[in-house]
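Trainee: here is the input, now give the coordinates:
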Amino acid sequence: MIRLARSFALILFALLTAGTLLAQEPPPEPEPGSEPGIWIADASGELRPVPPVAATFLREEKDAGGELVLLIERFEGTATAALSSGQLGVTRVRQALAQNGVPAQRVSSELAYVEPRYRPLILTGSRPFPERLGFDAAYLVKVRLAKGWDPGRLIDAAFGAGATRVLSLR
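Mentor: The predicted model follows:
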């Protein structure tokens, strides 16, 4: 009998609690603009939420094994000739790298500098202006290395094609 009374009391308590919960009003709607996120006003001035936008982030290649930076230096009588000679050197180095398995998209080049070269003045009073001998031009060739590549083999190929210095190997 006591068990029956306890069971009845528990059922009655559950029904009353459920009824109280069901009788409650739903929570009020939040004020426009009060929720987190981005809200914009339309032409009528009414605020509305902006739907989330998926973003794509670019990552560096995971297979990157480092970078090799080569320098191609040329000296000629004119700036035009020095630049042309340097560009020819870049083309030859790119071809040598391609013959050694480096894809073209992993190689980039840019002009590093063009500057005049002057004859050194031994006695400052001998000439009013220094004599210009020609122009130096230099191009950078950057190679994004992949794991497993032999940088020594690539350097040998580049020097055989006309590169003059290795500026960095990371």
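
Trainee: ramachandran coordinates for residue 132?
Mentor: The phi and psi torsions at residue 132 (degrees, to the nearest 10) take the values phi -80, psi 130.

Trainee: that one is in contact with residue 118, isn't it?
Mentor: Yes - contact criterion Cβ atoms under 8 Å: residue 132 and residue 118 qualify, at 5.6 Å. Every residue, glycine included, has its C-beta placed from N, CA and C.

Trainee: which residues of this protein fall in strands?
Mentor: Secondary structure of the chain (DSSP state E): strands at 39-41, 47-49, 64-76, 107-118, 132-146, 165-169.

Trainee: the fifth one vs strand 107-118, what angle?
Mentor: Right, strand 132-146. Here strand 132-146 points in a direction 160 degrees away from that of strand 107-118 (axes from the mean of the first three to the mean of the last three Cα atoms, to 10 degrees).

Trainee: mind putting the strands of the chain into JSON lines with distance to residue 84?
Mentor: Listed next are the strands of the chain as JSON lines, based on distance: least, Cβ to Cβ, whole Å:
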{"stretch": "strand 39-41", "distance to residue 84": "56"}
{"stretch": "strand 47-49", "distance to residue 84": "60"}
{"stretch": "strand 64-76", "distance to residue 84": "8"}
{"stretch": "strand 107-118", "distance to residue 84": "11"}
{"stretch": "strand 132-146", "distance to residue 84": "9"}
{"stretch": "strand 165-169", "distance to residue 84": "20"}
